[in-house]
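**Student:** Pasting the sequence and the predicted coordinates here, then a few questions.
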Amino acid sequence: MEDLQAKVLEYLGTVSKAKTKEIATKLGAKKRDVDKACSALAKEGKVEYLYIGTSFVTLAGKDHTPRG
C-alpha cells in the first residue's frame with residue numbers, strides 16, 4: 001500500500017488535480033486500491049479532496065488559483 005501511496009503522490013505532483021479513476025488508469029492500479037491509498041494519504045494530511053461538480057484529489061496545500 002505504501003508503494004501505491006508513493007506513486008499517487010508522485011503522479012499528483014505532475015497534475016493540478018485528478019479523479020481517483022484517472023489516477024488508477026495512469027498507474028495501472030485498481031480504483032478501489034487507489035481510493036484506499038488516497039483516503040490514507042488524506043488522513044495523513046498529504047492530499048485533499050476537492051468537490052468541483054465531482055470529486056478530485058490534489059496534493060495538500062497546492063494552489064488552484066487560475067492563472068491569467
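**Tutor:** Received the coordinates, thanks.
**Student:** okay, CA-based contacts and neighbour counts for the rest of this
**Tutor:** Fine.
**Student:** Which secondary structure state does Asp63 sit in?
**Tutor:** coil (DSSP: H, G, I helix; E, B strand; the rest coil).
**Student:** now it: how far from Ala37?
**Tutor:** Note on Asp63: its distance to Ala37, by Cα to Cα, to the nearest Å, is 22 Å.
**Student:** Comparing the two, which residue is more hemmed in?
**Tutor:** Ala37 (22 against 9; other Cα atoms under 10 Å).
**Student:** which helices and strands sit right next to the helix or strand hosting the more buried one?
**Tutor:** Per DSSP states H and E, Ala37 falls inside helix 31-43. Under the contact criterion of 3 or more Cα pairs under 8 Å, 6 or more residues apart in numbering; DSSP states H and E, helix 31-43 touches helix 2-12, helix 20-27, strand 47-51.
**Student:** show me where pLDDT drops low in this structure?
**Tutor:** For the chain, the stretches flagged by pLDDT under 70 are 64-68.
**Student:** okay, which residue is most central for it?
**Tutor:** Val57 (3.8 Å; Cα atoms, centre = their mean).
**Student:** Surely that residue and Glu22 touch.
**Tutor:** No - contact between Val57 and Glu22 fails when scored by Cα atoms under 8 Å: they sit 10.2 Å apart.
**Student:** For Glu48, give me its contacts.
**Tutor:** By Cα atoms under 8 Å, 6 or more residues apart in numbering, Glu48 lies in contact with Ala42, Val57, Thr58, Leu59, Ala60, Gly61.
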